[in-house]
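Asks: Output the structure for:
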Amino acid sequence: MESAPSRPAIVVVGAGAIGSLFAGLLARSGVSVLVLDVDRAKVDRIQTEGIELSGLSGPDLVSVPATTDPASASGADFYFICVKAYDTAAAVAALVSIASPQSLFVSLQNGLGNDAILRDLVGRDRTILGTVGLGAYLAGPGHVVHAGSGPIRLGMLDDRPSQGSDRLDPLARLATLLGQAGLDVEVTATIREAIWRKLLGNVAINPLTALLRVQNGTLLEIAETRALIETIVAEALAVAQADGVPLDASTSLAEVIDLARRTGANRSSMLMDVLAGRRTEVAQLNGAVADLADRLGVAAPVNRAISLLVSALGSRGALDQQTIEKDPKRDK
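Replies: So this is what the prediction gives:
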């Protein structure tokens, strides 16, 4: 029998690496937290054993209620949306009827398009957007390794500044809760710029590592992949400019190169998804850049090609690569 707080302050939707890290850190700091996930095995593990924290925030074992039932997550102050971007619509739709009119929805996800989904389903004034600079990965269900530090940036959907006192301003209240959990938080009136800056690293690094099966830093050691990074970033910057988000080209590229260097030993989440045969977020990353480019009359052919190539990896999942490699008729 699953148990849950009668009215949790925060519901973390999605028990992946980032969701589990937020849930564990917030619960450890005394915040009433509930984890909501569709995966019964993950939920049972968290419900019975808690969330195990390793790395920068561990070792520790934190008791956190978990459920697969959205009805148990009613009336929270904040819903942290930590699912993959392609699951955003389904996850939020399941919460609309059980959230209170004052409940706020916080997207802490990668990719483009999450903002529009939240705006359409819960309204502009109930939507908070965020970028996460933390590094984390799951060592197993309910066991999250905090592997890297970085800021969390929060802002309202329409990039308006915070309003009112800290007691009344939802952004300030949320920043306080996260700060008490030991996280570095910045409230910004330019959250769309922050999302695009985070996106640049994702579209340039993740798909190339997935296609080539390499760690992040290897991309900088190969002339061809470094050139691809520059082209992908240049296309995305042109789309951002056309979308009303001007970013400095040289600074933006330097940030992406620095990110690949600082995370050189990491395997990107997209690479991990490909290796595990899971669906990737490439359609919400490079594919979304290319789609927006089409709507705005900007060219982004390399982002389109990259999106198609990574998607093709998933489409051929039914093929047995080992059988192909063992085929005696293959070229010697």
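Asks: Within the helices and strands, which one has Ala91?
Replies: In this assignment (DSSP states H and E), Ala91 forms part of helix 88-96.
Asks: Please save the CA atoms from that helix in CSV.
Replies: Extracted in CSV, the C-alpha atoms of helix 88-96 (Å, rounded to 0.1, in the frame of the first residue of the first chain):
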residue,chain,number,x,y,z
THR,A,88,5.7,16.4,-20.9
ALA,A,89,2.2,16.7,-22.3
ALA,A,90,1.1,13.3,-20.9
ALA,A,91,2.6,14.0,-17.5
VAL,A,92,1.1,17.4,-17.1
ALA,A,93,-2.3,16.4,-18.4
ALA,A,94,-2.5,13.8,-15.7
LEU,A,95,-2.0,16.4,-13.1
VAL,A,96,-4.3,19.2,-14.3
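Asks: What residues of it count as buried?
Replies: 88-89, 91-92, 94-95 (16 or more other C-beta atoms under 10 Å). In short, each C-beta sits where N, CA and C put it, glycine included.
Asks: same thing with stretch 7-23?
Replies: 8-23.
Asks: now stretch 105-117
Replies: For stretch 105-117, by 16+ other C-beta under 10 Å, it's 105-115, 117.
Asks: Nearest to Leu271, out of those residues: which one, please.
Replies: Asn110 (14.0 Å; C-beta to C-beta).
Asks: Now do the SS call for that closest one.
Replies: coil (DSSP: H, G, I helix; E, B strand; the rest coil).
Asks: And for it, nearest residue in space, chain neighbours not counted?
Replies: Nearest residue to Asn110, sequence neighbours excluded (C-beta to C-beta, 6 or more residues apart in numbering): Asn202, at 5.4 Å.
Asks: Repeat that for Ala242.
Replies: Leu296 (4.1 Å).
Asks: give the contact list for the one you found.
Replies: Taking C-beta atoms under 8 Å, 6 or more residues apart in numbering, we find Leu296 in contact with 239, 242-243.
Asks: Of these, which is the most crowded?
Replies: Val239 (25 neighbours; other C-beta atoms under 10 Å).
Asks: is it true that that one touches Val298?
Replies: Yes: contact criterion C-beta atoms under 8 Å: Val239 and Val298 qualify, at 5.2 Å.
Asks: joint contacts of the two?
Replies: Leu292.
Asks: can you map out the strands along this protein?
Replies: According to DSSP state E, the chain carries its strands in the segments 10-13, 33-36, 51-55, 60-62, 66-67, 78-81, 104-107, 127-132, 135-140, 143-148, 152-156, 185-187.
Asks: mind listing what the second one pairs with, with the direction of each?
Replies: It stands for strand 33-36. strand 10-13 (parallel), strand 66-67 (parallel) (DSSP bridges).
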